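K.L.:
Quick one: sequence plus predicted model below, questions after.
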Amino acid sequence: MKFRGKVAVWWYLIIVILNVALIGMIVKYGLHYISYFYILPAGLLDLYLIPVCFANYVELDKKKIFIRFGFSREEVLVEDITAMHRADRFTLSFCASADVVLLACRNKKNVVVSLKDNKAFMDELQKLNKKIKVYI
């Protein structure tokens, strides 16, 4: 089963503000050797931010969870997940939104995902592994 990732409005705003600022700097200062100091970092940020808008999903298999977040890919075994709970906070993981699901795994690795339908994802995961503890 495939669950689409959630991309918050602030993610799109970051992309727009970054590119408007870049275009403004190019218009104001022109293209010359110093312009690479702001074009290159902005381009690299765009390479990270923009693909997330299109490739952002979690796919549930009977044995594995496949996570795709832009160019990043991750696999987690369903049997390794020990607990999960929802949170409303920013994290440095596979999230483009503050509404996230935290998955605790046996190998002390925590995975955080942000989906459009977090409740359905948690219910489906609970069906696959009844041993998962769900915290509120």
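P.N.:
Great, that's in hand.

K.L.:
if I read this right, Leu125 contacts Thr82, doesn't it?
P.N.:
No: under the criterion of CB atoms under 8 Å, Leu125 is not in contact with Thr82, lying 11.8 Å apart. C-beta: built from backbone N, CA, C; applies to glycine.

K.L.:
Show me which of the two is the more surrounded one.
P.N.:
Leu125 (21 against 14; other CB atoms under 10 Å).

K.L.:
tell me which residues in the helix or strand harbouring the more buried one are buried?
P.N.:
Assigned by DSSP states H and E, Leu125 belongs to helix 118-128. Buried residues in helix 118-128, defined by neighbour count with 16 or more other CB atoms under 10 Å: 118, 121-122, 125, 128.

K.L.:
With stretch 17-26 instead?
P.N.:
For stretch 17-26, by 16+ other CB under 10 Å, it's 18-19, 22.

K.L.:
hmm, back to that, mind listing the strands the helix or strand following the helix holding Leu125 pairs with, and their directions?
P.N.:
Counting by DSSP H and E, the next helix or strand C-terminal to helix 118-128 is strand 133-135. Paired neighbours of strand 133-135 in the sheet (DSSP bridges): strand 81-88 (parallel).

K.L.:
So what's the model's average confidence on the strand it pairs with?
P.N.:
For strand 81-88, mean pLDDT rounds to 87.

K.L.:
what sits up against that strand?
P.N.:
The contact list for strand 81-88 (CB atoms under 8 Å, 6 or more residues apart in numbering) reads 65, 98-106, 112, 118, 122, 125, 129, 131-136.

K.L.:
elements contacting the longest helix seen in the chain?
P.N.:
Ordering each helix of the chain by length in residues (DSSP state H) puts helix 9-29 first. Packed against helix 9-29 by the contact rule (3 or more CB pairs under 8 Å, 6 or more residues apart in numbering; DSSP states H and E) you find helix 36-52.

K.L.:
Show me which residues of the helix or strand following the helix it packs on are buried.
P.N.:
The C-terminal neighbour of helix 36-52 among helices and strands, as given by DSSP H and E, is strand 56-60. Buried residues in strand 56-60, counted by 16+ other CB under 10 Å: 56-58, 60.
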